[in-house]
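J.: build me a structure from this.
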Amino acid sequence: MKVEMELSEKQYSVLVNALENYARIMLGQFWALDTPYYERNQVHGNHEAFKEKLNELKMIAFPELSLHEYYGISHEKTPESSKIAYELYKTMRHEVWKQSDRNENTVDATRPLEVSGEKHPRVTIAL
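T.: Numbers count the residues shown, from 1 in each chain. Reported below is the predicted structural model:
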């Protein structure tokens, strides 16, 4: 299957963040939702109550894990959809890094792990 998309920088950012958050939630990393909530509700939100609810949800969804424990991306219990989302967002971020000045050694500098068994997508970025 071939899907082509042309995204604005904002659309790209939303897509990458959604893929990353999905992958993290499926690993048990519910804390990943804390940052977007906090940025959105700095003045009006009840941040502590939100964090408590995230912890409660995590313990319901992953009762076998302790509060600060989560599965790794390569773990056998990690759903394939989480692994694919990981590969997609990491590949997209890596391609943006390749288009940058490459002076920074960041997590985006290395090619993503192959964890799903799916072929990595071909991503072309034009900045």
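
J.: for this protein, which spans come out with low pLDDT?
T.: Low-confidence segments of the chain (pLDDT under 70): 36-45, 103.

J.: once you drop chain neighbours, what's closest to the spatially most central residue of the chain?
T.: Nearest to the geometric centre of the chain sits Glu20, at 1.2 Å (C-alpha atoms, centre = their mean). Leaving aside its sequence neighbours, Glu20 sits nearest to Tyr89 (C-beta to C-beta, 6 or more residues apart in numbering; 4.7 Å). Glycine gets a C-beta too; all of them are placed from N, C-alpha and C.

J.: for the one you found, give its distance to Asp34.
T.: For Tyr89, the distance to Asp34 (C-beta to C-beta, to the nearest Å) stands at 18 Å.

J.: and those two? Which one has more around it.
T.: Using other C-beta atoms under 10 Å as the criterion, Tyr89 and Asp34 rank with Tyr89 on top: 21 against 13.

J.: relative to Lys53, how far out is the more buried one?
T.: From Tyr89 across to Lys53, the span is 25 Å (C-beta to C-beta).

J.: picking up where we left off before, packing partners for the host helix or strand of the residue nearest to the centre of the chain?
T.: Using DSSP states H and E, Glu20 falls within helix 9-27. On a contact count with 3 or more C-beta pairs under 8 Å, 6 or more residues apart in numbering; DSSP states H and E, helix 9-27 meets helix 80-99.

J.: got the angle between the helix it packs on and helix 9-27?
T.: Angle, helix 80-99 to helix 9-27, by axes from the mean of the first three to the mean of the last three C-alpha atoms, to 10 degrees: 140 degrees.

J.: contacts for helix 80-99 next, please.
T.: If you take C-beta atoms under 8 Å, 6 or more residues apart in numbering as the criterion, helix 80-99 is touched by 12, 15-16, 19-20, 22-23, 26-27, 73-74, 106, 108-118, 120-121, 123-127.

J.: buried subset of these as a PyMOL selection?
T.: Buried residues within the contacts of helix 80-99, by 16 or more other C-beta atoms under 10 Å, are selected in PyMOL with:
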select buried, resi 12+16+19+20+22+23+26+27+73+108+112+115+116
